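>>> Generate coordinates for the sequence data below:
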Amino acid sequence: MNKCMIPATFCMLLLGAIEPALAQSLSALPLRNPRQIPDGYISVQSGISLSVPVADGDNEARQRDALKSFYRIATSNCAVLLDTIADDCQINSLSSNTDVTNIDGRGPKLTVRGQVGMTVKLKPATPTAK
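Have a look, this model is predicted:
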């Protein structure tokens with residue numbers, strides 16, 4: 001029966017190297033929770049989906065153009081919020097995916113779908129006239 005044991009000195013060295021990391025206060029880190037929003041702010045989510053027809057051999061250029069359009073739309077979300085209901089807006093998450101399908105038999109379509117997450121500070125409510 002052959003057992004492999006880690007020498008005690010190695011364990012002590014390993015624990016000595018890990019201990020400073022374990023002793024750090026998590027509250028001292030700048031982004032404790034990236035999803036935590038500041039007081040006075042709300043989280044706003046926006047879903048985007050766009051489809052464009054593609055021809056054979058045209059997928060890469062069309063995908064690049066469609067992704068550019070997706071990102072332009074995503075960045076314009078904050079501008080629209082600032083024009084309407086927000087004093088401050090920041091995109092804090094963004095996801096996208098693309099796929100090519102031919103479901104309806106009319107030819108392949110490139111679809112880009114995604115989500116934009118924003119942290120928004122709303123404008124103060126204005127009193128309404130009665």
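>>> For the residue nearest the centre of the chain, which non-adjacent residue is spatially closest?
Of all residues in the chain, the one closest to the mean position by Cα atoms, centre = their mean is S93, 2.3 Å from it. What sits nearest to S93 in space, not counting adjacent residues and going by Cβ to Cβ, 6 or more residues apart in numbering, is G117, at 3.6 Å. The C-beta positions use only the backbone N, C-alpha and C, and glycine is treated the same way.
>>> tell me which element the residue nearest to the centre of the chain is part of?
strand 86-101 (DSSP states H and E).
>>> One more: K121?
Element membership for K121 (DSSP H and E) is strand 109-122.
>>> What helices and strands are in contact with that strand?
strand 42-53, helix 59-84, strand 86-101 (3 or more Cβ pairs under 8 Å, 6 or more residues apart in numbering; DSSP states H and E).
>>> which residues touch I103?
Counting by Cβ atoms under 8 Å, 6 or more residues apart in numbering, I103 touches K109.
>>> ok, now A74?
Going by Cβ under 8 Å, 6+ apart, the list of residues near A74 reads S46, I48, I91, L94, G114, V116.
>>> Looking at strand pairing, list the partners for the last one.
In this structure, V116 bridges to S46, L94 when assessed by DSSP bridges.
>>> Surely it is in contact with I91?
Yes - the pair V116 and I91 qualifies as a contact (Cβ atoms under 8 Å) at a distance of 6.1 Å.
>>> hey, what's in contact with both of these two?
What both V116 and I91 touch, as defined by Cβ under 8 Å, 6+ apart, is the set A74, N77.
>>> more neighbours, these two?
The neighbour comparison of V116 against I91 (other Cβ atoms under 10 Å) goes to V116, with 23 against 15.
>>> check contacts around the more buried one.
Counted by Cβ under 8 Å, 6+ apart, V116 has contacts Q45, S46, G47, I48, A74, N77, I91, S93, L94.
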